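1. quick check, what structure comes out for this input:
(chains A, B, C and D)
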Amino acid sequence: MLYLQDVTIKRGSKIVFYNWNARIKNSKITIISGKNGVGKSTLLRAIAGMIPLEQGIVKNYNNEIFKDKIKWGQNLIYIDSKSGLSRDLTVYENLKTWSQMKGWNTSDNDLQKALESVDMLNYKNLYVSQCSEGLKKRAALSRLYLSLLFNIEFWLLDEPTNELDQKSIILFNKLIQRFLENKGTVLLACHELKLFDFNYELLNLDLLKK
Amino acid sequence: MFDWLANPNRFNRITEKIQPCILVITIITLISGLYFGLFDSPKDYQQGDAVRIMYVHVPSAWLASFLYFSLAISCVFYLVWKHPLADLVSSTIAPIGMLFSVLTLVTGSLWGKPMWGTWWVWDARLTSMLVLFFFYLGYILLSNAFERKIDGSKTASVLAIVGLINLPIVKFSVDWWHTLHQPASIIKIGGPSIDDKMLLPLILMIFALSFFSLYMIILNVKTKLIEKKCEALLLKSNLEKYRKQVKI
Amino acid sequence: MNESFWIMQGYEIYIWPSYVLTLLSLGLLFIHSTKQSQKAKKLLKQLSKTKN
Amino acid sequence: MSLQLSFIQIFISHIKREFLINFRSLVDVISIISFMILIVTLFILGIGPFEEKLRLISNAIFWIGLILAIIPSLEKTLQRDYDNGWLDQSITSPTPMELILLSKSLAYWLIVIIPLVISLPLFIVLLNINLKLIPWLLISILVGGLSISLIGIIGSALTLGAKRGNILLPILIIPLIIPILIFGVGISETVRINESPIGNLFLLIGFTLIYLVISPFISAFLIRIAISR
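-> Sure thing, here's the model as predicted:
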């Protein structure tokens, strides 16, 4: 369970959230919805630790998550529209360096399987500069499979379904299914709700802003 | 102390009282400094009357360095305690400091012509001052290089602090370079042996320019505070207009 | 005020410009800032009037 | 769950990544060297082919060429990873940003220094540098190159997301690296006039050590600011 207590988040000098409280349920998928510019990405980036909170705390059960950044870094995956893939490396090399940065000792086999899970095995040795946007997105999402092997608790995903075709969305749904079975928590910002065939919690930021 | 001053209202109240005092002190020290500097001080035995340029050159140089130091300190306050006022202070100090560094370079060059025979000699002090000028320039350029003002302030503050660490090293290295390449035989401007009678106008001018800068900083910070208020009011009235339109 | 004061051993073309430049730039800075401050104060007055 | 890889392993993997990125295309590496050759050529065309003059200022030309050749490629080092989101991934990973930046600057150092060391004989020929200078030149560009890349990372972090960052970067960086030039040229100059270069060398090493300590922290701080935008 993730608790946000009296959270104030600023972007530049503009206050986006003011003394806000929220609760994100465990082992569930929570979809953050709302109009453009309402603060979906800001919220995700703040929880991921990229935007420092002006005030307030975020707790995972009883632990303040930003007290121990190393531990929190091991506990989440954040993916947004910027894929974090280097253009001059292949899809495989990108995945490998990324997993090493997370501190994981991944075997070749794990990486292959991760690419297979998003149907990217054929593109393994393609340079990212040659990839289409859809392929880049899939390459980024292959990290989700790796996290299943390493007991990660949180997925923070910002518009993960953009640029994905029908088949990849099915694969993505499968990954989420497995993650939820492993007692993982998904926090997802999206405005197309019909793409997901789960029971999801809805966090509508439009309601909050009134 | 800064924490206590950082409240804009308190800042306004206190400065309201001391501002006239500062102005009076500035005028008194400036006039007496000019009097002693131009009329009632001895000629240097080597440089003759040309030494009188010292009374504007050295105070400017001193202020350019001191203002950079204060700029960096106020940047530390801004980054550590996040007082918006500290940012206003540093952004007003920067152009004033830059002006003084330019004045130092220009008067130094005017002093150099009769002493060295050329407008510019790569003397250690002048070279360090030139570098200082570029630190000011870098700060000002960087603080205006971002779309949102607050990003520029934060980033440029870091630059100012890096500069504070680096400037003594630059100063040292330039002195080192100077001794390495040129045995010191030429007349040093602002040299070490100063007559007591020369000290009086020098100190008076240093005081005059310091109090002048203090006055300018307070005045400009106040202006910026008012401008901020105006912006907030404008934003509010625009919002209200917008709301009315939406209702209709 | 005799002539030798103004001539200063022939250094006058260096000394006077440096004093004039310094005082002039300080004066300009002073005038500019004062104007700016008055402008801002005026604007604030206007704004607070229209609000009420 | 604790980290399976030690920080040293992560550190090495980062250096490997930077090497893969930079050496695969070789464009950057070749451009650094050819840029330096061109600067040297410009200098010599400017002063004329007088050996006596050249002998006096060849060390200075070498160092200025080195610094000017490194600066243009500095801007990309962080900007690239900022644009594609890699820095976002780094900050949400357990690896401390400071460690990542230290590895980045060391990798950048190696990337710049290896081709320069290889092409050193070329410059010795072009600039007619005295052969007894070679060991000192080698040491001084190794140490000086490290401090240039450490300061360069700070500069690169300062201009992240800035308007016209590529023009701004040299203005911010060059005042900071003046001491490197002075101490670096000082080493070669003292050797040339048969004095001991130890004083200059120690000063250069000391300067580098200062930045080795503060640079990762400063640039990590800057990157956190840049990412929180």
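2. neighbours around D:Lys53, how many?
-> For D:Lys53, the count of nearby residues is 12 (other C-beta atoms under 10 Å in any protein chain shown). All C-beta spots, glycine's among them, are computed from the backbone N, C-alpha and C.
3. next: B:Trp120.
-> By the criterion of other C-beta under 10 Å, B:Trp120 has 14 neighbours.
4. so it is in contact with B:Trp111, correct?
-> No. Using C-beta atoms under 8 Å, B:Trp120 makes no contact with B:Trp111, being 11.1 Å away.
5. mutual contacts of these two, please.
-> Between them, B:Trp120 and B:Trp111 share no contacting residue under C-beta atoms under 8 Å, 6 or more residues apart in numbering or on different chains.
6. and the residue nearest the centre of chain B, what pLDDT?
-> With distances taken as C-alpha atoms, centre = their mean, B:Gly97 lies nearest the centre of chain B, 2.3 Å away. For B:Gly97, the model assigns a pLDDT of 95.
7. distance check, the closest residue to B:Ala156 other than its chain neighbours against D:Ile153.
-> With C-beta to C-beta, 6 or more residues apart in numbering or on different chains as the criterion, B:Ala156 has its nearest non-adjacent residue at 3.6 Å, and that residue is B:Ser143. Between B:Ser143 and D:Ile153 the computed distance is 21 Å (C-beta to C-beta, to the nearest Å).
8. so which residues of chain C form helices?
-> Counting by DSSP state H, chain C has helices at residues C:3-7, C:12-51.
9. will you turn those into CSV that also has distance to D:Ser13, mean neighbour count and mean pLDDT?
-> Converted to CSV, these look like this (distance: least, C-beta to C-beta, whole Å; neighbours: other C-beta atoms under 10 Å in any protein chain shown; pLDDT from 0 to 100):
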stretch, distance to D:Ser13, mean neighbour count, mean pLDDT
helix C:3-7, 75, 10, 66
helix C:12-51, 55, 15, 88
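10. A:Lys14 is nearest to which of those?
-> Ranking those by proximity to A:Lys14 (C-beta to C-beta) places helix C:12-51 first, at 20.7 Å.
11. which other helices and strands does the closest one contact?
-> Packing partners of helix C:12-51 (3 or more C-beta pairs under 8 Å, 6 or more residues apart in numbering or on different chains; DSSP states H and E): helix B:54-81, helix B:84-116, helix B:196-247.
12. could I get those helices as TSV with distance to D:Arg24?
-> Listed next are the helices and strands packed on helix C:12-51 as TSV, based on distance: least, C-beta to C-beta, whole Å:
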stretch	distance to D:Arg24
helix B:54-81	38
helix B:84-116	43
helix B:196-247	49
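13. which of those has the lowest average pLDDT?
-> Among the helices and strands packed on helix C:12-51, helix B:196-247 scores lowest, at a mean of 84.
14. which strands and helices lie in contact with it?
-> Using 3+ C-beta pairs under 8 Å, 6+ apart: helix B:196-247 touches helix B:8-38, helix B:54-81, helix B:84-116, helix C:12-51.
15. and the second one, what's buried?
-> What it means is helix B:54-81. Using 16 or more other C-beta atoms under 10 Å in any protein chain shown as the test for burial, helix B:54-81 gives B:54-68, B:70-79.
16. counting neighbours, what do you get for the residue in chain A that chain C sits nearest to?
-> The nearest approach of chain A to chain C comes at A:Ser13, 19.2 Å away (C-beta to the nearest C-beta). Counted with other C-beta under 10 Å, residues neighbouring A:Ser13 total 11.
17. quick check: pLDDT value at D:Ile71.
-> pLDDT recorded at D:Ile71 is 88.
18. count of neighbours near it?
-> Neighbour count for D:Ile71, taken as other C-beta under 10 Å: 19.
19. that one: which element?
-> Per DSSP states H and E, D:Ile71 falls inside helix D:51-83.
20. is that helix in proximity to chain A?
-> Yes. Using C-beta under 8 Å from any C-beta of the partner chain, helix D:51-83 reaches chain A at D:Arg80, D:Asp81, D:Asp83.
21. so how do I select the buried members of the residues you listed in ChimeraX?
-> Restricted to buried positions by 16+ other C-beta under 10 Å, the ChimeraX selection for the residues of helix D:51-83 next to chain A reads:
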select /D:80,81
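22. return the member of the residues of helix D:51-83 next to chain A nearest to chain C.
-> D:Asp83 (38.5 Å).
23. now that closest one: how far from A:Asp80?
-> Computed as C-beta to C-beta, the D:Asp83 to A:Asp80 distance reads 13 Å.
24. up against chain C, what does chain B have?
-> Within chain B, the positions near chain C by C-beta under 8 Å from any C-beta are B:34, B:38-39, B:43, B:48-50, B:52-53, B:56-57, B:60, B:96, B:99, B:103, B:106-107, B:110-111, B:113-114, B:209, B:212, B:216, B:219-220, B:222-223, B:226-227, B:229-230, B:233-234, B:236-237.
25. where does the prediction get shaky in chain D?
-> Residues of chain D that meet the criterion pLDDT under 70 lie in D:1-3.
26. re the thing from before, among the helices and strands packed on helix C:12-51, which comes closest to B:Ser157?
-> Comparing the helices and strands packed on helix C:12-51 by their distance to B:Ser157 (C-beta to C-beta), the top pick is helix B:54-81, with 3.7 Å.
27. and chain A, is that closest one touching that?
-> No. With C-beta under 8 Å from any C-beta as the criterion, chain A is not reached by helix B:54-81; the gap is at least 12.7 Å.
28. stretch D:31-38 now?
-> No. Judged by C-beta under 8 Å from any C-beta, stretch D:31-38 and chain A are separated, with a smallest distance of 15.0 Å.
29. what comes into contact with that stretch?
-> Contacts of stretch D:31-38 (C-beta under 8 Å, 6+ apart): D:65-66, D:68-70, D:72-73, D:112, D:115-116, D:119, D:122-123, D:126.
30. rerun that using 7 Å as the cut-off
-> Defining contact as C-beta atoms under 7 Å, 6 or more residues apart in numbering or on different chains, one finds that stretch D:31-38 is touched by D:Gly65, D:Leu66, D:Ala69, D:Ile70, D:Ser73, D:Val112, D:Pro115, D:Ser119.
31. what's the first one in contact with, if anything?
-> It stands for D:Gly65. So D:Gly65 contacts D:Met36, D:Ile39, D:Val40 (C-beta under 7 Å, 6+ apart).
32. between those, which has the most around it?
-> Highest neighbour count within the contacts of D:Gly65: D:Met36, with 24 neighbours (other C-beta under 10 Å).
33. that residue looks like it's in a strand, true?
-> No. Counting by DSSP: H, G, I helix; E, B strand; the rest coil, D:Met36 is not found in a strand; it is helix.
34. I'd like to know how far the spatially closest residue to B:Glu227 that is not a sequence neighbour sits from B:Lys236.
-> The shortest distance from B:Glu227 to any non-neighbouring residue, by C-beta to C-beta, 6+ apart, is to C:Ala40 (5.1 Å). Going from C:Ala40 to B:Lys236 by C-beta to C-beta gives 17 Å.
35. the nearest residue to D:Ser119 once chain neighbours are set aside: helix or strand, and which one exactly?
-> Using C-beta to C-beta, 6+ apart and skipping the chain neighbours, the partner closest in space to D:Ser119 is D:Ile33 (5.2 Å). Assigned by DSSP H and E, D:Ile33 belongs to helix D:27-47.
36. so A:Lys59, which state does it fall into?
-> Applying three-state DSSP: A:Lys59 is strand.
37. what sits against it?
-> When contacts are counted by C-beta under 7 Å, 6+ apart, A:Lys59 touches A:Tyr3, A:Gln5, A:Ile65.
38. what values do phi and psi take at the second one?
-> Read that as A:Gln5. Taking degrees, to the nearest 10, you get phi -120, psi 120 for the backbone angles of A:Gln5.
39. and the residue of chain A nearest chain D?
-> A:Lys82 (2.9 Å).
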